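>>> Here's my sequence, what's the structure:
(2 chains)
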Amino acid sequence: MTYNFNEIEAKWQKYWAENQTFKAENKSNKPKYYVLDMFPYPSGAGLHVGHPLGYIASDIYARYKRHQGFNVLHPQGYDSFGLPAEQYAIQTGQHPAVTTAENIKTYRRQLDQIGFSFDWSREVRTSDPNYYKWTQWIFIQLFESWYCKDHEKAFAIKDLVNVFEESGNANINAVCENESETFTAEEWNGFTVEEQQKILLQYRLTYLAETEVNWCPALGTVLANDEIVNGVSERGGHPVVRKKMTQWSMRISAYAERLLQGLETIDWTDSLKESQRNWIGKSVGAQVKFKVVSNEVKEADEIEVFTTRPDTIFGVSFMTLAPEHDLVQQITTPEQKEAVDAYIEATAKRSERDRMADVKTISGVFTGAYAIHPFTEKLIPIWIGDYVLAGYGTGAVMSVPCGDERDYAFAKHFNIPIPNIFEGVDISEEAFSDKAKTVIGNSDFLNGMNYKKATKRAIYELEQIGQGEGKTNYRLRDAVFSRQRYWGEPFPVYYVNGLPQMIDVAHLPIKLPEVEKYLPTETGEPPLGNASVWAWDTEKNEVVSNDLIDNETIHPLELNTMPGWAGSSFYFMRYMDPDNQNEIASKEAMDYWQDVDLYIGGSEHATGHLLYSRFWQKFLFDKGVVPKDEYAKKLINQGMILGESAFVHRVGFNFGKVVDSKNDISKEDVKNITYLRDKYTIIKDMYFSNDVTTYLRKTFNKPENDEELEHMQLRENLISHLLNPILEDISKFNLEGKVMVNTMMMNYFKTHVSVDYVNTKNELDWERLKLEDKQYKNAEFITNKDNKYVCKREVEKMSKSKYNVVNPDNIVEDYGADSLRLYEMFLGPLEQYKPWNTAGITGVHSFLKKLWKLYADDNGLKVTDATPTKDNLKTLHKTIKKVQEDIENFSFNTSVSTFMIAANELTAQKCTSKDILEPLLVLISPYAPHIAEELWSQLGNNASISTASFPEFDASHLVESSKNYPISFNGKMRFTMELPLDMSKDAIEEAVLANEKTQEQLAGRTPKKVIVVPGKIVNIVG
RNA sequence: GCUCAAGUGGCGGAAUUGGUAGACGCGCUGGAUUCAAAAUCCAGUUUCUUCGGAAGUGUGGGUUCGAUUCCCACCUUGAGUACCA
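Numbering: from 1, shown residues only, chains lettered A, B, ... in the order given. Model prediction:
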C-alpha cells in the first residue's frame, strides 16, 4: 500500500461532491460559524500559487470549526462583472458573458483540485440577473432614503416628504447638498413636481450630480487624468475636451462618523483600520465667518473658512482662497484683476497631477480685498493660492503663519507679517504646530490658555457674535457610482424630462441589453447607447425598443452601468440564502447566520470594497434588512506570495574613436562606427550563464594564484569569442586604427526569462527554450564549465509580464493537493509577504509519505490495538495542544512543523497504536484532508472524517517529574543540569553550586546572587 | 513628508506572559543502499576559535539577575497616503 496521492485526492473530491459533505443548513441546533473568502474575480489567466493562500487558511479554519461541532457556512462565488472581460470583448468581439463563463470554469476546476470544503450549492455570480436583481434593489432603496443627523440613521424619503408638506424643511436636520436652502410647508406645496424632485435629489442617498470628465472624440472614449499629457491624449496625441456628464453618486459621506466609530467594534487589522480612518479623515475644529470689505462688494459678503485651530485666531495675518473659489471674481479689485486672472489661468492649465506633484513651489496672488478680523476688527488681506484646495472644507483658509507650516512658507515668500501668538516660542525660523505644548499669548481673552481651553473659548466667543461655530469635517467624499461601461449592472432607472425615475422593484431585474459594439457611441454615450432595445414602457412595465420612445409612456433607460464594487458590497448576505426570489435572504436565514465570523482576503481592498460594503451594510441595517450594522467580526489580510523571477544575461561593448589617430575619420566612417555601436552596445543573440558573467565583470591586474590565473585565462577566451565578429566587422568597414573597443568597462543587461524553463538549481533548459520561444531561435547560450546555464533569481510580485508565475496545476499533479496546502501554510505567517520556491515542497511531501508509513507499509495497514506508551501519549497530546493553539491564533505555519515533529517522534517510537494514530488524523485533516480521509476510512470509519470531533487535550500526559535546568552565568546559558521538579529553591541552589562545572565557570569568584526560578532557569551572578 | 508593518544562519522561518536563540523544512557536506539514477535512511551544518571556549537576533543607548521579546534614538526595506487648513 503506497501513498498514491493523485488517486486518493480524486477519490475524496468526488466523494465530497457527491455526498454534499460541506453543505451548510440554515436550520441547525449547532452554533453557527461563517468563514468567508474575499470574492474572486475570474480572470482569464487562471489561478497561480499565490491565489489559494487565503482560501487554504480559511478552509483549515472552516474544517477545524466543523470538528469543533459548529455548523459552518463556507461559501464561494464570483465577482464576475468587470473590466478585463470587457476589454477582451472590445478586442475580440466575444461576449463578456461567454468569456466570463469560460474563466469561471477554469477557476472552478482549479479550486476543486485543491480540495476546498466550500458549499458550492450557494455559489453566486454578480453578473447573474438573479443576483444583480438585488444589487438593483439596494440601489432603489438608497434612492428612496435620506439620512437624518438627529437620529444618525437613514429613513424613507416619503417620510421626509410628509414633513415637508406639513412644516417645510426648517426642522429637518439632514445630510443634504444645500443645507442653507430653507422652505416652508406652503412653499413646498406650491412647488411643481419637478421642483420638488430636484430638491429631493439633494437628500437622497444616491443622487445624480454633474461631473467633469475628459472626453477624447478621436479615440471615442473617456480618458483618466493620467492618460492626458499637455492637453492631448497620451496615445496618439489627440485633443481632449472637458465634458460635463451627469453621474450617479452615493452619499457615503452621510455615514462618515458611523463608519469611523464602527471600526472600534470590529476585530480587523490595525493597519487596515488605520487606512480607513485616514480615508475618512475626520478633523474637528470650527467654521468661522470673516466679513469682506472691498470697493466692489457689499459689506454683507463674507468668507467662510474651516480651521482645526480656532485657538490661533488672533494669529491670522492673511486669508487664502482656492483659485476656483466662487467669491474670487466678486472681491478682486480692478487693480488686481489682471494679476488674479493670469494666476487663475495658469493654475487651471496645470493638471491636477502637476499640482499634486509640485508641493514645494509657492505661488499666489493678492486679490486687493480685505476681510475684517471678527475680534480685533483689523483688516486682513485676502490672497488666492493653489495650496488651498477647492474641494476640502470651504475652499478657504484663515492663514496663521506662526502656527502652520504652509501658511508660514507663504507669508515668508510674500513678505506678509508673521505675528507670534505663542508664549515662550521662537518662530523666527519655522512655524510652531505642537498642540500639546501650546500656550496662547497676545490673544486678548485667550491669553495663557492651552490648546484645549483656548479652542473651546474661541468657539464660544465666535458663537456669541454669530461669526462661527464648532464643526467637524471629513475628507471622505461621496462615491461616483456611474461607469461608462458595458459589463456591469444596469441601473433600474429611466428618465422623464431628464429626471430619473426608479423602476418598481416588482419588475426587477432589468437585464443587461445586447449591443453590437462594446465601445462608447460616436456621440460619446456609454456602450449601452449602442443598444437598440433599451427603453422603458411604463404601461407594460418591460424593456422595449428605443424606436418606441415617445416620452409619454415610453422613456429612455439609463446608459451607465454600476461600478465593480456594487455587486461585492452585499454578497456575504446573499450567501445566507442565495436562491431566495423574494428577498436578499430570508429573515430566518439572516437571524441564524447574522454576520461573518472570519473574513480572509488581501489588503488591497482596504479603502475600496471594505469601506463601501460597510456603508451598504449600515444602510441596510437602518432599513431593517440585515441584523447587524457591521458584517464581519474578524478580518485577516493574507500576505502576498511573491515570485522568483529568472533572468538571462547579455553583454555589450562601448566604442570609442581613437583620439590620436593618424588616419582621417571620414563621414562614412562615423556612420559605420554608429552602426557598430548600435549592433554591439548590446549583443542580441548571446546569453551568458550568470556565473560566467563574473569572469567578465571581475579582473585581476596581477593574478596571484592558480585560481586567479585560470580566471583571467577564461576571461580572455570569452572576450576573444565576443570580439572576433566585431574585429571582422571593423576590418570589413576599414576602421582599423580608427575605433577602439573598451573590454574593461562592458555593458551588462538582464532580461526576464520564463521560470518554466528554469529548474530548482536555477539551471536553464536552453535547448527547449530555443525550440519553443522564437525570440531565442538564433540565440547562443554560453554555459559554465559544467556545461550548465545558470540564471540569476530575484524576488518580485508574481505576474505574467515577469514570466515568474507558478501554476498550482503542475504542483498538484507532481506532489498532490495536500502537499500544496501544507506547503503554502508552511512558507511562513499568513499575513506576511513571502517568496515562493517550489524546491522546498519536497519537505512537506516527504512528511506526508512518512505519515502514510506510520499507518501502512507494503503489507497493508499496520495499525494495531496496542496500548499506547507514555511517550506515544505525550507526543499526541503535545501535538493536540499546539495545533489547537496555532489554529486559534491563525499561526498555520507552526502547526505544519508540529505535525512533522509528531510524525518524526512516533516513527522513532515505532508507534502503531490506533488510540494514537486515529486522533492524529483528525488533527491533520483540516490541513491535509485527502490523506486524512483515506487513512480514516482505512481504519474502518464509514463517515467522513469531517464529522469527527476534535481530540480532547489531556494535560496529565505532559506532566514531567524532572527538568533539564539551563544554568546561566550573568544571563548566558553555560550548561544544563537534570533536577527533580519538586526540588525546593534552596536545594536547587545548593545542588547547582556544588556542581564542579559551576566552580569551573566561577573560576574562584564568589557568586553575588543566585536567581532560581523553579521549573524555568537558574542564573548565577558574579 | 506623514502613517503603518517588518529587519534573526546560505534560504523560508521558530522561540505564545522577558527565562536554554536558530525548532521545523529547504539547500549544502559526508556516509549507507544501488550497476547507475531517482527515492529512502543515517550523521553534520550561526560565526570565530589557541578546541578550553568566545561572540551573536539592523545600529547605538537604557531598564533588568536575565532582552529577539520592554523603553528611547537612529538606519534600512516594504506597503499605504499625499498641500485635508
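
>>> Report how many residues lie close to the residue in chain A that RNA strand B sits nearest to.
For chain A and RNA strand B, the shortest gap (C-beta to the nearest atom of the strand) falls at A:G843, measuring 2.1 Å. The C-beta positions use only the backbone N, C-alpha and C, and glycine is treated the same way. A:G843 has 14 neighbouring residues, counting by other C-beta atoms under 10 Å.

>>> Near RNA strand B, which residues of the stretch 551-700 of chain A are found?
Residues of the stretch 551-700 of chain A found near RNA strand B (C-beta under 7 Å from any atom of the strand) are A:S603, A:E604, A:A606, A:T607.

>>> C-terminal to the host helix or strand of A:R277, what's the next element?
Assignment of secondary structure by DSSP states H and E places A:R277 within helix A:270-280. Counting by DSSP H and E, the next helix or strand C-terminal to helix A:270-280 is strand A:282-293.

>>> contact partners of the host helix or strand of A:N747?
Assigned by DSSP H and E, A:N747 belongs to strand A:739-753. In this structure, residues lying in contact with strand A:739-753 by C-beta atoms under 8 Å, 6 or more residues apart in numbering are A:645-658, A:673, A:676, A:680-682, A:693, A:696-697, A:699, A:719, A:723, A:726, A:730, A:764, A:769, A:791-792, A:801-804.

>>> which of the residues of the stretch 551-700 of chain A next to RNA strand B tops the neighbour count?
In terms of neighbours by other C-beta under 10 Å, these top out with A:A606 at 20 neighbours.

>>> The residue nearest to that residue when sequence neighbours are not counted and A:W268: what is the separation?
Closest residue to A:A606 apart from its sequence neighbours, by C-beta to C-beta, 6 or more residues apart in numbering: A:S275 at 4.4 Å. Using C-beta to C-beta, to the nearest Å, one gets 10 Å for the distance from A:S275 to A:W268.

>>> So between those two, which is more surrounded?
Taking neighbours as other C-beta under 10 Å, A:S275 and A:W268 compare with A:W268 leading, 20 against 16.

>>> That one contacts A:L635, doesn't it?
Yes: using C-beta atoms under 8 Å, A:W268 is in contact with A:L635, at 4.2 Å.

>>> how about the nearest residue to A:E166 once chain neighbours are set aside, phi and psi?
Leaving aside its chain neighbours, A:E166 sits nearest to A:A185 (5.6 Å; criterion: C-beta to C-beta, 6+ apart). Torsion angles at A:A185 (phi, psi; degrees, to the nearest 10) stand at phi -60, psi -40.

>>> cool, and A:S968?
A:S968 has phi and psi values of phi -100, psi 150 when expressed as degrees, to the nearest 10.

>>> quick one: low-confidence parts of the stretch 701-850 of chain A?
Nowhere does the stretch 701-850 of chain A drop to pLDDT under 70.

>>> got the residue ranges for the helices in it?
Secondary structure of the stretch 701-850 of chain A (DSSP state H, counting those that start in this stretch): helices located at A:706-732, A:766-772, A:808-815, A:817-826, A:841-855.

>>> can you pull the buried residues of the second one?
Of the residues in helix A:766-772, those buried under the neighbour-count criterion (16 or more other C-beta atoms under 10 Å) are A:W766, A:L769, A:K770.

>>> Equivalent analysis for the third one, please.
Buried residues in helix A:808-815, counting neighbours by 16+ other C-beta under 10 Å, are found at A:P808, A:D809, A:I811, A:V812, A:Y815.

>>> Could you list which residues are in contact with the nearest residue to the last one once chain neighbours are set aside?
Okay, so that is A:Y815. The shortest distance from A:Y815 to any residue other than its chain neighbours is 4.8 Å, reached at A:H845 (C-beta to C-beta, 6+ apart). Applying C-beta under 8 Å, 6+ apart, we find A:H845 in contact with A:Y815, A:G816, A:S819, A:Y823.

>>> out of the residues you listed, who's nearest A:L111?
Checking the contacts of A:H845 against A:L111 by C-beta to C-beta gives A:G816 as the nearest, at 15.7 Å.

>>> quick one, what contacts the closest one?
A:F5, A:N6, A:I8, A:E9, A:H845, A:L848, A:H930.

>>> how far away is the third one from A:V305?
So the one you mean is A:I8. Distance of A:I8 to A:V305, computed by C-beta to C-beta: 71 Å.

>>> Mind checking which of these two has more residues around it?
A:V305 (24 against 19).

>>> How many neighbouring residues does A:K862 have?
Counted with other C-beta under 10 Å, A:K862 comes out at 14.

>>> Which of the residues of the stretch 551-700 of chain A next to RNA strand B fall within helices?
Using DSSP state H, no member of those falls in helices.
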